[in-house]
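Peer 1: 3D, please:
(one chain, ligands or ions: 2)
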Amino acid sequence: MYIMHLALGGCLKAPPVLFGVTADTGGHIAYVLEAALAQARLQQVERVSIVTRLFEDARLGTAHDRPHEPLGERIGIDRIATGRREYLEKEALALDLPDFIEAFCAHLASSPRLPDVIHAHFSDAAAAALAARSRFGIPVVYTPHALAIDKRIVQPDCGGLDTRIEAERLAIAQADAIIVSTRDEAERQVRAYGVAGATARTMTLPPGVPRRARPGQETRLAARLLERLRDPRKPIVLAIARPVRKKNLAGLVHAYLATPALIEHANLVILAGQRTGAASAEEAEVVGELERLQDDERLRGCMALPPCHDADDVAALYAKAARGGVFVNAALHEPFGLTLIEAAAAGVPVVATRHGGPSEIVATLGHGLLVDPCDPAAIGAACLEISSDKDLHRRLSKAALRHVGHYDWDRYARLSVSLYAGLCQPRLQSTGRVAAA
Ligand SMILES: O=c1ccn([C@@H]2O[C@H](COP(=O)(O)OP(=O)(O)O[C@H]3O[C@H](CO)[C@@H](O)[C@H](O)[C@H]3O)[C@@H](O)[C@H]2O)c(=O)[nH]1
Ligand SMILES: O=P(O)(O)OC[C@H]1O[C@](O)(CO)[C@@H](O)[C@@H]1O
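Peer 2: Ligands and ions are numbered 1, 2, ... in the order given. This is a model prediction of the structure:
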């Protein structure tokens, strides 16, 4: 079987990825890379191509203007160029979509072999995949990652959501199958689009834990943090998220400020993307607010907001949080929440928003407490409870490590590939390649 993943937004490249380098370089990039790599390890998969948009922006690295980037023997990234060479945030991608679709179909037409299935990530990629289906008959699987119907509930003033919801409705209505990460997405969110028969085509298949570097010696960032914090031996309250309003990072700082006993007990460390000078207006605003809050004299020497980090830093900080600390995701709404399973894999208890995927993750792993993200006192109290009660911390940490295997990329690969096989059976039969599927 030849699988093609299609994802237009963010900075998709071979690992190591600089997560948070733009507002769209987050979870879906980790998901696509890990899903594709795990699928390529399966014997029945002959080839996996990850297709994305080609762009040039020196601040975002040098890989993005290379038409092909190998990831392994049977897997690579293929980049499609349009007339526009600049990086585009997902909201601006719509302008380039007609040209991208044209270029994508030309890429397929000139390929020696067509893929057996296209797995599209986000609704813009689904539009391109559906256009390819009508020309070449290739089945389409759609993974939304973050459905705007729920974003509209928590951020009604966010621009462009009606158009995005319409694009998502089209993808839901037309895709041959939909893969989502949570039951809530499958049973409530997809249903809310009012497309008859959509739930029957929807499969709930949670992702695995993104692989991280193993925590080894202290990284440069970890060492710098030690210099910055007044008492670096204290446990840490850790948050890792793209600096967008939905992630409510300022809400976490307010929660910390509202809980003096927590300030006394633990330091606050927030990794909020990379300051490369390429921030969108929303990211600049969120980072500006965090920096202003950090200047509060009550936070001097107990809060760190490093401007950049890499995968080793993330691994080192999860390892530090495992020693008496806690990971917090206080997003207004979180569709799934890869950070919560990354924290679990490192044995870190969590305090998580009760809106969205985290409630299913925490119910599955039993590794933390759920909170109302709009209640700073509750967030602060939950962090204090976990980090100051050694028995509770140990119990949650053990539960995390015991159950985290539930989130497994190999399982994801097996089940997604058998879903693809069911969709592309007629096509494989007609090309005489059915045995390969
Ligand atoms: O400064 C940062 C910010 C993020 N990350 C990493 O980037 C990923 C972020 O993923 P996630 O926490 O899931 O959030 P989103 O970026 O918002 O990802 C979207 O897509 C994911 C995959 O479908 C879903 O889990 C999310 O709910 C959805 O919002 C994780 O691996 C983080 O560790 C960093 O390393 N540094
Ligand atoms: O926050 P939003 O607008 O719902 O978008 C979700 C974001 O999450 C991602 O998965 C991050 O990689 C992208 O698809 C998108 O940028």
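Peer 1: from here on, just use CA atoms for contacts and neighbour counts.
Peer 2: Will do.
Peer 1: let me see the domain layout of the protein.
Peer 2: 2-208+408-436, 220-406 (automatic domain parsing).
Peer 1: any chance of these in a markdown table, plus mean pLDDT?
Peer 2: As requested, the domains of the chain are exported to a markdown table (pLDDT from 0 to 100):
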| stretch | mean pLDDT |
| --- | --- |
| domain 2-208+408-436 | 94 |
| domain 220-406 | 95 |
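Peer 1: what is the neighbour count of V362?
Peer 2: When neighbours are counted by other Cα atoms under 10 Å, V362 registers 23.
Peer 1: ditto for P373
Peer 2: 24.
Peer 1: before we move on, what SS does it have?
Peer 2: With DSSP: H, G, I helix; E, B strand; the rest coil as the basis, P373 sits in coil.
Peer 1: need the phi and psi values for L12.
Peer 2: Main-chain torsions, L12, degrees, to the nearest 10: phi -90, psi 120.
Peer 1: roughly how far does it sit from V48?
Peer 2: In this view, L12 and V48 are 15 Å apart by Cα to Cα, to the nearest Å.
Peer 1: which one's more surrounded, those two?
Peer 2: More crowded of L12 and V48, by other Cα under 10 Å: L12, with 28 against 24.
Peer 1: what about stretch 291-307, start to end distance?
Peer 2: Termini of stretch 291-307 sit 10 Å apart (Cα to Cα).
Peer 1: how far off centre is that stretch?
Peer 2: Centre-to-centre, stretch 291-307 and its host chain are 26 Å apart (Cα atoms, centre = their mean, to the nearest Å).
Peer 1: can you pull the buried residues of it?
Peer 2: L293, Q294, L299, G301, C302, M303, A304, L305, P306 (16 or more other Cα atoms under 10 Å).
Peer 1: the first one: what secondary structure?
Peer 2: Using three-state DSSP as the criterion, the local structure at L293 reads helix.
Peer 1: residue contacts, whichever residue of the stretch 151-300 of the chain sits closest to ligand 1?
Peer 2: When scored by Cα to the nearest ligand atom, the stretch 151-300 of the chain has G273 as its residue closest to ligand 1, at 3.2 Å. Residues near G273 by Cα atoms under 8 Å, 6 or more residues apart in numbering: F19, G20, V21, T22, A241, R242, P243, P307, C308, H309.
Peer 1: gap between it and ligand 2?
Peer 2: Distance from G273 to ligand 2, counting by Cα to the nearest ligand atom, to the nearest Å: 12 Å.
Peer 1: for that residue, helix, strand, or coil?
Peer 2: Taken by three-state DSSP, the conformation at G273 corresponds to coil.
Peer 1: and it, its phi and psi?
Peer 2: Dihedral angles (degrees, to the nearest 10) for G273: phi 70, psi -170.
Peer 1: same thing with Q174?
Peer 2: Note on Q174: backbone dihedrals following degrees, to the nearest 10 are phi -110, psi -20.
Peer 1: name the element the nearest residue to it once chain neighbours are set aside belongs to?
Peer 2: In this structure, Q174 finds its nearest non-sequential neighbour in L130, 7.6 Å apart by Cα to Cα, 6 or more residues apart in numbering. Using DSSP states H and E, L130 sits in helix 123-136.
Peer 1: next SSE downstream of that helix?
Peer 2: Remark: after helix 123-136, the chain's next helix or strand is strand 140-143, criterion DSSP H and E.
Peer 1: and the contacts of that next one?
Peer 2: Strand 140-143 has contacts (Cα under 8 Å, 6+ apart) with 117-123, 126, 129-130, 133, 171-172, 175-180, 420.
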